[in-house]
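A.B. asks: prediction below, plus the sequence it came from.
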Amino acid sequence: MKTAKKVEHLIRRLGANGSYIGFHFTVAAVTKSIKDRRLLLYITKGVYLEVALENNTTVKCVERDIRTVIEVIWKYGDRELLNLVAGRELKEKPNNREFIDMLARFVEEEEPESRDAAITEADIKEDIKEADIKEDP
């Protein structure tokens with residue numbers, strides 16, 4: 001199964017569906033972060049910007065619509081599966097960056113070939129070191 005389909009299936013199992021615009025944005029954001037982990041370092045200028053450009057919308061809309069999907073999953077979704085995806089019991093709703101990262105890592109564990117093709121954490125650390133860039137708060 002292709003990565004995007006696995007991500008879509010996981011989000012549906014968590015409790016969101018395609019009737020939310022943010023559903024499609026979340027699938028795209030997670031899929032992109034699997035392919036390039038650096039996109040999560042600067043989520044607004046990375047993941048959100050790429051998704052917004054592809055969907056002819058704004059970064060603000062992408063961020064809000066992903067947040068809505070997280071809210072739906074948090075309130076009405078499968079909390080047990082969400083905790084499994086997180087690798088721990090969540091005490092509070094994850095923010096967008098945490099949520100996208102959790103899903104990306106979970107799908108990677110299920111699909112090792114996507115991890116092999118992905119940019120590694122060592123690549124990211126090297127990029128940061130070379131650019132002497134600090135992470136957004």
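C.D. replies: Thanks, I have the structure now.
A.B. asks: what about the top helix by length along the chain, average pLDDT?
C.D. replies: Ranked by number of residues, the top helix in the chain under DSSP state H is helix 59-76. Per-residue pLDDT over helix 59-76 has a mean of 98.
A.B. asks: ok, residues contacting it?
C.D. replies: By CB atoms under 8 Å, 6 or more residues apart in numbering, the surrounding residues in contact with helix 59-76 are 11, 14-16, 20-23, 25-26, 29, 44, 48-49, 51-52, 55, 82, 93-96, 99-100. C-beta coordinates here come from the backbone N, C-alpha and C atoms, glycine included.
A.B. asks: after it, which helix or strand is next?
C.D. replies: Next along the chain after helix 59-76, taking DSSP states H and E as the criterion, comes helix 79-86.
A.B. asks: any idea which helix or strand comes after that next one?
C.D. replies: helix 96-110.
A.B. asks: quick one, what contacts Ala104?
C.D. replies: 30, 33-34, 37, 40.
A.B. asks: just these now: which is nearest Glu109?
C.D. replies: Nearest to Glu109 among the contacts of Ala104, counting by CB to CB, is Ile34 at 11.0 Å.
A.B. asks: worst-scoring helix or strand of this protein, pLDDT-wise?
C.D. replies: Counting by mean pLDDT, DSSP states H and E, the chain has its least confident helix or strand at helix 112-117, which shows a mean of 50.
A.B. asks: so where's this structure shaky on pLDDT?
C.D. replies: Along the chain, segments meeting pLDDT under 70 span 1, 111-137.
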